[in-house]
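> Predicted model follows, preceded by the sequence.
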Amino acid sequence: MSLEIGTDMNALQATNEFLRLYWAPLLCGVAVVAILPLIAGYIVLVERKIMADMQARLGPMRVGPHGLLQPIADAVKLLIKEDIIPDNADKLVFWLAPVLSVGAALLSLAGLAIGPAFQIAQDINIGILFVVGISAMGIFGIVLGGWASNSHYSLMGALRSSAQLVSYETAAGMALVSALLLTGTLNVKSIVEAQNKEGIWFVLLAPVAFFTYLVASIAETNRAPFDLPEAESELVAGYMTEFSGFRWSLYFLAEYTNMIVVASVATTLFLGGWLRPFARVPWLSFLDFAPPVLIMAIAAYCVLRVPKQPTRVQQLFMLAVAGLCFVTALVLAVPVVLPIIKPSVREAVAPFYAGIHGGFWFIFKVSVYIYLFMWLRFTLPRYRFDQLMRLGWHFLIPLSIINVLLVGVALIVGAYFHLQGWGLLLVTTPAAILALVAAFFILAVEKGHDARPDQTATSDFYVG
Amino acid sequence: MLDKILFYFFAGVAVGSAVLMVTRRNVVHSAILLITALLATAGIFLQLRAEFLFIVQIILYVGGIMVLFIFVIMLVNLDVALQQIQFARQKWVALLVALALAGQVGLMFWSSRKMPGQGLPVLTAAAAEHLPANSEEVAKSLFGSYLLPFEIASVLLLVAMIGAVVMAKKRT
Amino acid sequence: MGPQHPSTHGVLRVKLKLDGERVIGSECIIGYLHRGVEKIAENRTYQQFAPYVDRMDYVAAVSSGLGYCEAVEKLLVVEAPPRARVIRTILTELQRIASHLLWLGTHALDIGALTPLFYCFREREEILKIFEKYCGARLTTHAFRIGGLQYEAYDTLEKDVERFCKDFESRIVEYETLLTQNRIWIGRTKGVGILTAADAIAFGVTGPVLRASGVKWDIRKAMPYAAYDQYKFEIPVGTTGDTYDRYLVRMEEMRQSRLICLQAIENIPSGPIMGKVGKVLKPPPGEVYHAIEAPKGEIGYYIVSDGTVQPYRVHIRPPSFINLQAFDRMVRGHLVADVVAIIGTIDIVLGEVDR
Amino acid sequence: MADESKEPKPVHVPTGDKPASSTPPVSTPSGKPADASAPAAPPKPPAPAAPKPPVVLQTPLDNEFVTRFRAKFGAALLEAMEDRKQAILIVERARLVEIALHLRDDEKFDMLSDLTAVDWPKRDRRFEVVLNVYSFAKNERLRLKVLAADAEEVPSVVGVWPTANWQEREVFDMFGIVFSGHPDLKRILLPDEWQGYPLRKDYDILQQDTAWVRENLGIESGQ
Amino acid sequence: MLPIGHYLFLSLALFIIGVIGVVTRRNVIVVLMSIELILNAVNINLVAFSRLYGDVAGQVFALFIIADAAAEAAVGLGIIIAFFRNRETVLADEMDLLKW
């Protein structure tokens, strides 16, 4: 699709020419921006439910059956709430900050490919880099937000969170570099193809990179043990203190979109985007049936729950949810079942199959990744700011740089023996082990020269 | 057609925000305006099919240097400096200098119109499709013919980093 | 940090002198919750004053009640019957577990761990149910009377306590897996708020804070009261006296309390629950100082009687008030984030600090 | 005085209307033991029943510790007695710090559990500052008493036991006893500009905060 | 790809604005920012010509300029912070002492 349309056309012809060429990305773009608040809302609901479940309580149950309507109630509440602007705050910047934050988050979604078919910005040559770059813009939203509400506390919170973001971005960048060594290209689609060709997910080839990226991405979205900026105890709600109502929900949306972005980058790069697990293993092809069966089970469960709902309207709602799940199960089943019934129609169905199933698996992996975020959030206490920075600078960044080195060396050796796919494991696993040895070495050095009373050993925080 | 629209849009934004940046009293506003100017130039890089540079500009310039600027502005919290007058007395001298500069370049443009020989190279650029993939191209030449400058640049960055750290360290 | 700061366990205002992030000095401004309990005591009879004692340390009301009743019994030179003493021991130990659970929950929440709070409150709920069945109240129980008990133990008391103790062991293991080995928890607590043994004694600190600094002293062992001399239990002692040691000491104390309860419910002696105490108490003139081991430390009652129905002077030695003195020594040189952790680890209740 | 909120029980009117509690009107607060209507006298031998004169449980105490103490301080030890098996030493006010140092270093009383005061308006030296010390080594408690008149200063023991800091401030806050040598003697529980010392016997329980409320809030206190 | 004149004119405009900024503004930080703007103008030229001649060397050189701009900004801001900490001001006029 050449960008250059004949320069001599008049305006009208140009516009419909433009539309003809770019209707797909425009449509996807609008879809994503519209659906995202809903998705973010439901992620919040799921998070509160899981948190409750882990804490031996029920979580939101009041609005709609099992609190399913809770996000809508939250959204309405946020919209209605009065929008306070602190006096002599910087009006322009106060308005701009949340917009910038959300804009950066949503824009970086454009570069990602949900399924082979569904990608907003078709094959950007610099795919992953584009996503990382744009999400780096989110820092401005936070910093300017803190500055605009010109209260001392939120300024400190803003400075702290942006310092944290900047330092963990380098760590995340380095982790991505070591993964990109394996793919060789930046383009999102070709990364997944590369994993498909190799027949192995890159998480197995570069486990340390995946681990560092996981830690860095948690820190980058200000969540779980790294959510110091809005640590209630010292600076109340950090840079978000002065924002209320709709503005605050923009920040909230930005945080959750960032979480989705980070999760999908990890999925594309490490967990083989929209590939079905063991995509190329013939005898495991029955896994194709897994998605429809799974959704059908959910639908059945909903139907079972219908009689238990207290009021009529909740029963109806539950029925609607069951119906929805049933339809999705059908949609997923068609491309799988049809070729078996009528082998002739296989080629026609193939793109549909790839698109729909690919989409399912991608969303499935992203939700597993996000579940990990939530799980960490409920179990781990919070880092102190200096520990947080020390973990970032003294441990994560050197570890990821060493890892880049080792993966590079491993690849050269691999190429020398021209190993392929699972063969590569022979080379990359020793590289991973070497990286871990380096990690413990960094730790030993760390423990050694830090004898100050409040110094703490911060090895990889997965222990415990 | 689309190219023309894009270029004029980005050029307009760039020049507009640059002018505003220079004239704004509030430093934070001028920082934000500089960011928009940089983003506009990134847009122009994109229009010139230099994607790698587009993303490097965003990550390095906007995501790195401007964050540094904003940090320093916050740390130095300039409301004390706001009250002082922002513009040096020699405002008019500067305008004069700028006009002279503009005049000279304008003259060069104008004269090139007349004399075909030494005029602007009127080559038509290669069409967009068969341009080689940009980042691979940049990588090849960067690590191919320009390896030495690459190393020197890294040394330069190292020196700058150490300098900045030493300079900004608290004199404890 | 203003009086209504979310993590100061009540109305405590702390003025911090900061150098950047580090704390150089601190001053606690208290008195927001001062109700003049000691003045009221001089205008009430001995029995009427008992409920006031529960309102001081509202988290460990049973133990302050026990302290007061035993002090007055000492004044009257009267001994509570064995059955009453055993039931008192059981309820006090349960109250100790409940108080430590509340401490663990809020302390972990201050440092950022969300889940332990809900686990702790789930167990604490069980204990409060037992209190409610026994004496009708959950928090300020006023469970004991001078000379013995008011209410006979309800029939399923042994079974309830046994059931609670049985599954409490697995619950403690749950907390331990969440926190003890947790690298971030260790990071936030090890080496924070160190109090050496000498400082602890100098500042008159008592209870788990003192034991965490390495001083092996517990009134239940040193001067046994109620029925503590009949049971075997150890005193957990820390080494460095930092927040992590205090955490370990309190966790171990919960285990020991559980053992005491188990030993106690095996044989609750039968017999009267009320000692030889008349309706009107007129202790012979004189004075007494009686101290017991409350969950926060040594709570002491100095009662002077002039022979009338009303005590002439009642002075209460509150453990939180005196432990809080050591706060300034512990907080120096730490970061603002640690101040919250240190306030949590001293485990103060403002009702008791201000009286 | 409309005292609806608090229970009407003015202190210095001994025979005011009693709350409907069943206890008979209290006779003059002289040390009259339980009157006849008390139920069966406590059978415990040491606390004899009503007929005996008021049993004073305070018996003079002289064990080897007291002799050692007397040998060292002689006149400073005014009286040594034991009340309900708890040793009490009444010592001279001036030499309190010296005695405290001696107790802490030689006698191993290394912890000051409690420091408080009692107000006996009828005595000439009305205030009795009470120090409860405890020895970890000997697992023993000892009570030191110092008598001080209204304006007299009591030497502060903060040097010996730092824990006395806040406790002395509280005694000053409640009784008005000035502790000489205390690092920063000011009110700890009550607002700084509070007049009067609440725990003194002559301080009526009812009109506590009228002055403070009128001054700070400009309204009449509701007491 | 528009004729090269447009890009030259654009970079000239930015360059001039940058120079004006450097000369007129008293606040050192804004001066630094204007320098960034000037460097950016130069970049546009480089990329335009690299696109015109199809040789990617221009873009590589632009990369080096960005690296240099980063180094320069880092050291420049370091100086400003050190200066601000001692003299409490960020205005160019008051930076008249070589050694304070």
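Yep, that arrived.

> Give me the buried positions along the lengthiest helix in chain B.
Secondary structure of chain B per DSSP state H: the longest helix is helix B:91-114. Using 16 or more other Cβ atoms under 10 Å in any protein chain shown as the test for burial, helix B:91-114 gives B:Ala94, B:Ala98. The way it works is simple: take the backbone N, C-alpha and C, and place the C-beta from them, glycine included.

> could you dump it to CSV, C-alpha only?
Extracted C-alpha coordinates of helix B:91-114, given in CSV (Å, rounded to 0.1, in the frame of the first residue of the first chain):
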residue,chain,number,x,y,z
LYS,B,91,15.7,41.4,21.9
TRP,B,92,15.9,43.7,18.9
VAL,B,93,19.5,42.8,18.1
ALA,B,94,18.5,39.2,17.9
LEU,B,95,15.7,39.9,15.5
LEU,B,96,18.0,41.9,13.3
VAL,B,97,20.5,39.0,13.2
ALA,B,98,17.8,36.5,12.4
LEU,B,99,16.5,38.7,9.6
ALA,B,100,19.9,39.1,8.1
LEU,B,101,20.4,35.3,8.2
ALA,B,102,16.9,34.7,6.6
GLY,B,103,17.7,37.3,3.9
GLN,B,104,20.9,35.6,2.9
VAL,B,105,19.4,32.2,2.6
GLY,B,106,16.4,33.7,0.8
LEU,B,107,18.8,35.3,-1.7
MET,B,108,20.4,31.9,-2.3
PHE,B,109,17.0,30.3,-2.9
TRP,B,110,16.0,33.1,-5.3
SER,B,111,19.2,33.1,-7.2
SER,B,112,19.1,29.3,-7.7
ARG,B,113,15.8,29.7,-9.4
LYS,B,114,17.4,31.7,-12.2
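
> How far off centre is the helix or strand following it?
Next helix or strand after helix B:91-114 toward the C-terminus (DSSP states H and E): helix B:134-143. Averaging C-alpha positions (Cα atoms, centre = their mean, to the nearest Å) puts helix B:134-143 21 Å from its chain's average.

> And helix B:134-143, what does it pack against?
Helices and strands touching helix B:134-143, by 3 or more Cβ pairs under 8 Å, 6 or more residues apart in numbering or on different chains; DSSP states H and E, are helix B:51-56, helix E:57-87.

> Just name the most buried of these.
Mean neighbours per residue, mean count of other Cβ atoms under 10 Å in any protein chain shown, is largest over the helices and strands packed on helix B:134-143 for helix B:51-56, with a mean of 25.

> Dump whichever helix or strand comes after that one to PDB, restricted to CA.
Of the helices and strands lying after helix B:51-56 in sequence (DSSP H and E), the nearest is helix B:67-75. Below are the C-alpha coordinates for helix B:67-75, written out as PDB (Å, rounded to 0.1, in the frame of the first residue of the first chain):
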ATOM      1  CA  VAL B  67      12.200  14.000  30.700                       C
ATOM      2  CA  LEU B  68      15.600  15.200  31.900                       C
ATOM      3  CA  PHE B  69      14.600  18.800  31.200                       C
ATOM      4  CA  ILE B  70      11.300  18.400  33.000                       C
ATOM      5  CA  PHE B  71      13.100  16.800  36.000                       C
ATOM      6  CA  VAL B  72      15.500  19.700  36.200                       C
ATOM      7  CA  ILE B  73      12.600  22.200  35.900                       C
ATOM      8  CA  MET B  74      10.800  20.500  38.700                       C
ATOM      9  CA  LEU B  75      13.900  20.300  40.900                       C
END
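
> same question for helix B:67-75, mean pLDDT?
Helix B:67-75 comes out with an average pLDDT of 85.

> Show me what that helix is packed up against.
Packing partners of helix B:67-75 (3+ Cβ pairs under 8 Å, 6+ apart): helix A:138-148, helix A:152-183, helix B:27-47, helix E:28-53, helix E:57-87.

> Need the residues that contact that helix.
A:139-140, A:143-144, A:146-147, A:155, A:158-159, A:162-163, A:166, B:27-28, B:31, B:34, E:29, E:32-33, E:73-74, E:77, E:80-81 (Cβ atoms under 8 Å, 6 or more residues apart in numbering or on different chains).
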